[in-house]
Every structure is written in structure tokens, then in C-alpha cells.
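**Student:** Quick one, what's the 3D model for this:
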Amino acid sequence: MIVVANIPAKETKTMTAAAALVECLKREDITKVFCVPGESYLPVLDALYDEPAMEVISARHEGGASFMAEGYAKSALKPGVVMATRGVGAGNLTIGVHTAYQDSTPMLVFLGQVHSKVKGREAFQEVELDQFFKPIAKWAVEVRDPERMPEIVQKAIRIAQTGRPGPVVISLPEDVLPVEAEMHFGPTLKKPTPAPASDEVKAVQEILSAAKHPLIIAGGGVKSSQAEQELIQFAEKYSIPVVAAFRRHDSFPHQHPLYVGHLGLGLAKDIRKTVDEADLIIGLGTRFSENTTQDYSIITNDKKLIHIDIDFDTIGKIYVPEIGIVADVKEALKALESMELTSSWEEWAKEKRAVYEAVSELSVTDTDYINKKIIAVLDKKLPNDALITNDAGNFAGWLHSFYSFREKHTYVGPTSGAMGYGMPAAVGAKLAFPDKVVVSLSGDGGFMMTAQEIETAVRYDIPIISLVFNNNSYGTIRMHQEMHYPEKVIATDLGKVKFADFAKSVGANGYSVDTAEAFEKALEDALASKKTSVIEIIIDKEQISVGATIAQLRANKK
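**Tutor:** Okay, here's the model as predicted:
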């Protein structure tokens, strides 16, 4: 285990700008850096070599490195750090920055930049990096003065983690990095945790006391503030049912009698009805994304809204609340437990729990499609604290609908819907939780976008288990084709790839299965081996989604 030394809160040292950057990370107990190396930031790599507290993970592609950093940050609840070179490396890792932005994930992105003397001449690989990333970052900046490196990096660390978390991008001209100067380091970050005012608590009590069918939507703010236990206590005290926002499954345990569903793609009609019948929505740490709100349709004018979020700009951005409270979710829930309310919602909660149990029933029969059987095996065989990551794609619908997330820190997924995310994110998550079983789920289309990172996992002995649902198709887009232009199939069929053979070629375990029984055996073997493993699951593209086959979609258009 890496141990970070006890470092003074304030200090002045003479060192290079590159070494000062690394010193800032060390002071914040940041010990993992993901990258693809580049000549434009060689001084930083050299400083990392000299710092035993830091571990550098060199990926095969900057997109994979950025997903690793994002998955690590979601799991470790500290900034993920990713580095790349100039415009070409920066362009490749943009997908991870966008994911961190939409998913509210703290990330520090350090990008080598051309020499200051040649800027503006369209120098080799030159891009105005701070302008390029400005729309998808909380802050994008270029360091022009070596002695300001600690100031800018420490500010970036603060911005990435406070308010609504997100990515910060720092451009590093190559001539700035090797310059030695007197560096002034400020205190390390202590994240603010604002609490509601007493009159805000009273206002919530007043609104809630008049509700007949209140419903909590638990978003990413529950996880980032580590408020999972406080949410359980709050929901139990007042008997209020809870739904998870899109891909925030582990914000509330699914076996709990107050858990009533997940708001996401392919939402079951009966769970949608739960939201429709609610007369009060309590949004906790959620930005009410398009997928959570079912195309911004679920919070209608007849419902009251209480919105609690640490970010001022998030409140009222989509829906105007009766009361909006800028607060840390954990502190808000602690304060709200002081409300003097007599719960009258037990029957409402029981009724909606029964609805959830009916639509998420995981018992399988011979007639069930293999994807559901795979989820049943995972639910049975994996330990309760196993961590699941997933890629974008229809295969994830079975995970979202049927897998039971029982503990916190057991799910990492892209609310941005990025393909290629699941497996490299699992690498990052495994580094955050080395003692946990970490399993990624991908389709064949998404897996091939970052498949090279299996070699990275092998090289660093990071034993993830990667499931690849292979139907030789971009299945989600094929589904939409059939819905809108039935039988006019174009650009969605893919060639055959032997993923088990690919895994073996880079030193991983490789399995190919086409039955639930064979999958269970392969999973048991992968778990026992404690090696990086890929299990390819051969599936039929006809069962295009949880709720429909291709034939059914075509029939619906006739």
C-alpha cells in the first residue's frame, strides 16, 4: 500500500514546475495517474518517476486512460488524474472529459502543450487546449508562469471537487515545465459541506406534511456526499419510497422495502406509474437528466418539487421547485431528520414496493432469453459488495432491470452513455477497490472501442472480469432503425470477432459461451483464477432489447 507522508499545510520549496505539479497531487493524497506518455510533458513523467507515492498507469489509448481515471474517481471519491500530449492526445481523451462533465465526476486533466514561442503558428499538434475544452469542463486554463503552478493546480483540485464535481483541464506548455522557481503551496482542500437553514427545514416539513404520495429521487449527489446511510435513515423514519436516478443504482439498496425502482432507459410502465402517481418529488443530488426524467416528462405541473443539491446552478435549471436548497446531501438529510412529522405513507410505500418486485423478478425459466439468465447467475454468484461497471448498449437493460445492488460502492456506469466505457472504467474501479470483485458488461460494439485496454489490465495485473455480449451488431442503433425505418438495415451489422482468442493473445483468460450453464462455469473459473478475464457471450440480435424482438418492432410499424 502506498503511504503518503504527513505534509505541512503551507510550505515554500524551490523546484521545477513539473515537480510542483506532482507535489500538489501528493499533498491531496492522490496516488494514481493514468496516461498515454508524450514528449510534451516529459518533465512531469520524470517527476512522477521520482515520487514513490505515485503510481502511473500507462494505457494503450487516451480514451481508455480517461475512462480509467473517471471510473477510478467515481469509486475512490477523489479526483481521477489523466495526462496526454498536445492536441492529438487531448482529442483522443475528450470522451472521458465529457463523461466526467455529464456524470459530475471530479477529474484533473493535464495536457502537454507546444512551446510558448511557437504558439499561434499552427505548430506540431497545436490546439488552443483551454478553448477546446471550455464547453465540457468546469474550468480550462493554461499555465504560463512556472511559479504559478501550485496556485493553479490547487485551484483546479478545489474546483473539481466542490459544488457540482467535474473535470478541470490544465494546459502545460513544454517550456514551462522544466523551469525551477520558488513554489508556494497553500493548505490542502477541505470540502465545504453546507447545511440547510432552519427555515428551509420548516418549509420542507410544511410541504411534506401535505403530501399524500411523496417520492424520493436519489441522484449522484447521494454518492458523492457519502450519504447512503443517511438516506436509508431518512426514508425509514418517514416511510418515503425511493427511486434511483439513471445509473445511480447503488445510491439505495435494492433489497430495502422502500426501494421502488430505477429511472432509466426502457423504464417499465408500472414503475413509470409510480412517478406519475406521486404528488411530491424530493430530488436529492440529481440534475434531473433527460434519461432520469424520461425526456423531461415525469415532473408535471400537478406535482410539487423539493430539490436539494450542492450546486446553485443545478436547482431550477430544469424544473422550478417549491423549495430549492443548496446543501450537501448528507448534511441536508441529517437536518431534515429533525422534522416533526407523523408518517402516513406506509401503505403507499408498500404498494409501490410490490410493483417493483413484480417487474424486477429474477426467477428464470427455460423460455427466458440468455441475457436475463446471465444476470441471474451474476446475482447468485457474485459477492454482495462486487462492483459492476457497464458500457452503453441495450444489453445493459437486463442489468438495470433485474440485478440487485445491495451495498454502496457497487456500481459505476456512464450517465453520458459513452460507448467503450465499461471495461476501462472497471480497471479504474479495481484500482480504487483492489479487494473487490469487479465485473464489466459490454456489447461487442462498445468493447472493441477500447478492447486494447485488456492488455493494460494484464500488464499491471489488474484482475477484472469483462463480459462481452456479442451479437455482431450495434444493437441499440439497430433497434432505433427498426422502430423508425423497419427492415432498412444500414451500418449496424458488424463482423465476427473471437473475443476469447483476443483475450488469450494478450495474456488474459478467454472464454466463449452460448448458454447460461457454460457462463456459470466460466465465471466460477474466472473468479477462482484472480486473473484478467474476458467472457464472450454469444447472443442473438433478434432479441434486440428487454421488451421487444426485431420481428415485434417491425410488426408494430405495419
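**Student:** Strands of the stretch 151-300 of the chain, start to end?
**Tutor:** Listed in chain order, the strands of the stretch 151-300 of the chain (DSSP state E, counting those that start in this stretch) span 167-173, 180-185, 214-218, 242-244, 259-262, 280-284.
**Student:** oh, I was asking about the stretch 451-558 of the chain
**Tutor:** Taking DSSP E, counting those that start in this stretch to define them, one finds strands in the stretch 451-558 of the chain at 465-470, 509-513, 533-538.
**Student:** Can you get me a residue count around the residue lying closest to residue 271 once chain neighbours are set aside?
**Tutor:** The spatial neighbour of residue 271 that comes closest, neighbours along the chain excluded (Cβ to Cβ, 6 or more residues apart in numbering), is residue 261 at 3.9 Å. Any C-beta I mention is one placed from the backbone N, CA and C, and that applies to glycine too. For residue 261, the count of nearby residues is 25 (other Cβ atoms under 10 Å).
**Student:** and if you look at residue 99?
**Tutor:** So residue 99, with other Cβ under 10 Å, has 26 neighbours.
**Student:** now residue 226
**Tutor:** Using other Cβ under 10 Å, residue 226 has 14 neighbouring residues.
**Student:** If you count contacts, what does the host helix or strand of residue 23 end up packed against?
**Tutor:** Assigned by DSSP states H and E, residue 23 falls within helix 17-27. Judged by 3 or more Cβ pairs under 8 Å, 6 or more residues apart in numbering; DSSP states H and E, helix 17-27 is in contact with strand 11-16, helix 42-49, helix 149-161, strand 180-185.
**Student:** Figure out which of the ones you listed is closest to residue 365.
**Tutor:** Taking Cβ to Cβ, helix 149-161 is the member of the helices and strands packed on helix 17-27 nearest to residue 365, at 47.7 Å.
**Student:** Output the contacting helices and strands for that closest one.
**Tutor:** helix 17-27, strand 107-113, strand 139-142, strand 167-173, strand 180-185.
**Student:** quick one, which of the ones you listed is nearest to residue 334?
**Tutor:** It is, among those and with distance given as Cβ to Cβ, strand 107-113, at 28.4 Å.
**Student:** what's the next secondary structure element after that closest one?
**Tutor:** Counting by DSSP H and E, the next helix or strand C-terminal to strand 107-113 is helix 129-133.
**Student:** So for that following helix, what gets flagged as buried?
**Tutor:** Residues of helix 129-133 classed as buried under the neighbour-count rule (16 or more other Cβ atoms under 10 Å) are 129-130, 132-133.
**Student:** which strands and helices sit next to it?
**Tutor:** helix 86-103, strand 107-113, strand 139-142, strand 167-173.
**Student:** From the domain annotation, what segments belong to each domain of this structure?
**Tutor:** 11-185, 198-359, 370-556 (automatic domain parsing).
**Student:** could I get these as TSV with distance to residue 191 and mean pLDDT?
**Tutor:** Output for these, formatted as TSV (distance: least, Cβ to Cβ, whole Å; pLDDT from 0 to 100):
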stretch	distance to residue 191	mean pLDDT
domain 11-185	6	96
domain 198-359	8	96
domain 370-556	18	96
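**Student:** can I get the ones you listed in a markdown table with distance to residue 192?
**Tutor:** Below are the domains of the chain laid out as a markdown table (distance: least, Cβ to Cβ, whole Å):
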| stretch | distance to residue 192 |
| --- | --- |
| domain 11-185 | 6 |
| domain 198-359 | 8 |
| domain 370-556 | 22 |
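**Student:** that older thread, for residue 268, find the nearest of the strands of the stretch 451-558 of the chain.
**Tutor:** Of all the strands of the stretch 451-558 of the chain, strand 465-470 comes closest under Cβ to Cβ, at 20.8 Å.
**Student:** Okay, now the sheet partners of that closest one, with direction.
**Tutor:** Partner strands for strand 465-470, per DSSP bridges, with pairing direction: strand 438-443 (parallel), strand 533-538 (parallel).
**Student:** Can you dump the C-alpha atoms of the first one in PDB for me?
**Tutor:** It stands for strand 438-443. Output of strand 438-443 as PDB, limited to C-alpha atoms (Å, rounded to 0.1, in the frame of the first residue of the first chain):
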ATOM      1  CA  VAL A 438     -15.000  -6.000 -10.300                       C
ATOM      2  CA  VAL A 439     -17.100  -7.100 -13.400                       C
ATOM      3  CA  SER A 440     -17.700  -5.100 -16.500                       C
ATOM      4  CA  LEU A 441     -20.500  -5.600 -19.000                       C
ATOM      5  CA  SER A 442     -20.100  -4.500 -22.700                       C
ATOM      6  CA  GLY A 443     -21.600  -5.200 -26.000                       C
END
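**Student:** what element comes up after it heading to the C-terminus?
**Tutor:** helix 444-449.
**Student:** Next, the buried residues of that next one.
**Tutor:** 444-449.
**Student:** mind saving the C-alpha coords of it as CSV?
**Tutor:** Output of helix 444-449 as CSV, limited to C-alpha atoms (Å, rounded to 0.1, in the frame of the first residue of the first chain):
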residue,chain,number,x,y,z
ASP,A,444,-19.3,-6.2,-28.9
GLY,A,445,-19.5,-2.8,-30.5
GLY,A,446,-18.5,-0.9,-27.4
PHE,A,447,-15.9,-3.4,-26.2
MET,A,448,-14.0,-3.1,-29.5
MET,A,449,-13.7,0.7,-29.0
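**Student:** What lies in contact with that helix?
**Tutor:** 63, 391-393, 419-423, 466, 468-475, 494, 497, 499 (Cβ atoms under 8 Å, 6 or more residues apart in numbering).
**Student:** among those, which are in helices?
**Tutor:** Using DSSP state H, the subset of the contacts of helix 444-449 located in helices is 63, 422-423, 475, 499.
**Student:** Can you tell me which of those residues are buried?
**Tutor:** Here, 16+ other Cβ under 10 Å leaves 63, 422-423, 475, 499 buried among the ones in helices among the contacts of helix 444-449.
**Student:** which one of those residues is nearest residue 541?
**Tutor:** For those, the nearest to residue 541 is residue 475 (6.2 Å; Cβ to Cβ).
**Student:** For that closest one, which non-adjacent residue is closest in space?
**Tutor:** Nearest non-adjacent residue to residue 475, counting by Cβ to Cβ, 6+ apart: residue 394, 4.8 Å away.
**Student:** give the contact list for that neighbour.
**Tutor:** Contacts of residue 394 (Cβ under 8 Å, 6+ apart): 443, 475-476, 479, 544-546.
**Student:** nearest to residue 230, of these?
**Tutor:** residue 546 (32.6 Å).
**Student:** got a list of what residue 465 touches?
**Tutor:** Shown in contact with residue 465 (Cβ under 8 Å, 6+ apart): 437-440, 523, 526-527, 533, 535.
**Student:** Oops, could you answer that again for residue 241 instead?
**Tutor:** Residue 241 neighbours (Cβ under 8 Å, 6+ apart): 214-216, 235, 258-260, 274, 345, 348-349, 352-353.
**Student:** can I get the residues you listed in CSV with distance to residue 34 and neighbour count?
**Tutor:** Listed next are the contacts of residue 241 as CSV, based on distance: Cβ to Cβ, whole Å; neighbours: other Cβ atoms under 10 Å:
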residue, distance to residue 34, neighbour count
214, 42, 24
215, 38, 25
216, 35, 27
235, 36, 22
258, 38, 22
259, 34, 27
260, 37, 28
274, 40, 23
345, 45, 21
348, 46, 21
349, 43, 23
352, 41, 27
353, 41, 18
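**Student:** Could you single out the nearest of these to residue 309?
**Tutor:** residue 216 (13.5 Å).
**Student:** so the closest one touches residue 239, yeah?
**Tutor:** No. Assessed by Cβ atoms under 8 Å, residue 216 is found out of contact with residue 239, at 11.2 Å.
**Student:** related to what we said a few turns ago, okay, the strands paired with strand 465-470, which one's buried deepest?
**Tutor:** strand 438-443 (a mean of 28; mean count of other Cβ atoms under 10 Å).
**Student:** May I ask you to confirm that residue 302 is in contact with residue 278?
**Tutor:** No. Counting by Cβ under 8 Å, residue 302 sits too far from residue 278 to count as a contact (10.0 Å).
**Student:** Looking at those two, which is more packed in?
**Tutor:** A direct count of neighbours by other Cβ under 10 Å for residue 302 and residue 278 places residue 278 higher, at 26 against 8.
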